[in-house]
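> this one's structure only:
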């Protein structure tokens, strides 16, 4: 909850259902879209601020990362995260 308050006092708290929707979309299209493109591909509309909070959350718990070109990559496996986090193409 602290992450949400630091980002923006106007950011809406996402529901668990919305977090899962974004996470599943990232998993399905891992490495195919940059952040804005992914936002536009979501099956339901979400406020940009809410989407930002979800993306920050997923990154903070090591479920996603961004490659050096800004594409969103799904990396849920902690062992895989340890392997790829130090690669130059991965930006954490």
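Structure's in. What do you need? Only a predicted model underlies this, so the values are computations on that prediction, with no experimental measurement involved.
> confidence score at residue 53?
According to the model's per-residue confidence, residue 53 sits at a pLDDT of 96.
> distance of it relative to residue 77?
Counting by C-beta to C-beta, to the nearest Å, the gap from residue 53 to residue 77 is 24 Å. C-betas here are computed from N, CA, C, even on glycine.
> what about these two, which has more around it?
When residue 53 and residue 77 are compared on other C-beta atoms under 10 Å, the one with more neighbours turns out to be residue 53, at 22 against 12.
> wait, residue 54 touches residue 22, no?
Yes - Residue 54 sits in contact with residue 22 when judged by C-beta atoms under 8 Å, with a separation of 4.8 Å.
> how about the contacts made by the spatially most central residue of the chain?
Centre of the chain computed as the mean C-alpha position; nearest residue by C-alpha atoms, centre = their mean is residue 55, 3.1 Å away. Residues near residue 55 by C-beta atoms under 8 Å, 6 or more residues apart in numbering: 22, 35, 64, 72.
> repeat that for residue 84.
Contacts were defined as C-beta under 8 Å, 6+ apart; by that measure residue 84 touches 65, 75, 90.
> lowest-confidence entry in the residues you listed?
Of all these, residue 90 carries the smallest pLDDT score, 74.
> three-state assignment of the residue nearest to the centre of the chain?
Residue 55 falls in the helix class when you classify it by DSSP: H, G, I helix; E, B strand; the rest coil.
> report how many residues lie close to residue 83.
When counting by other C-beta under 10 Å, one arrives at 12 neighbours for residue 83.
> can you give the distance of the strand or helix carrying it from its chain's centre?
In this structure, residue 83 sits in helix 78-84 according to DSSP states H and E. The gap between the average C-alpha position of helix 78-84 and the chain average comes to 17 Å, counting by C-alpha atoms, centre = their mean, to the nearest Å.
> next SSE downstream of the helix or strand of the chain with the lowest mean pLDDT?
Taking mean pLDDT, DSSP states H and E as the measure, helix 2-7 is the helix or strand of the chain with the lowest mean score, a mean of 53. Counting by DSSP H and E, the element after helix 2-7 in chain order, helix or strand, is helix 16-28.
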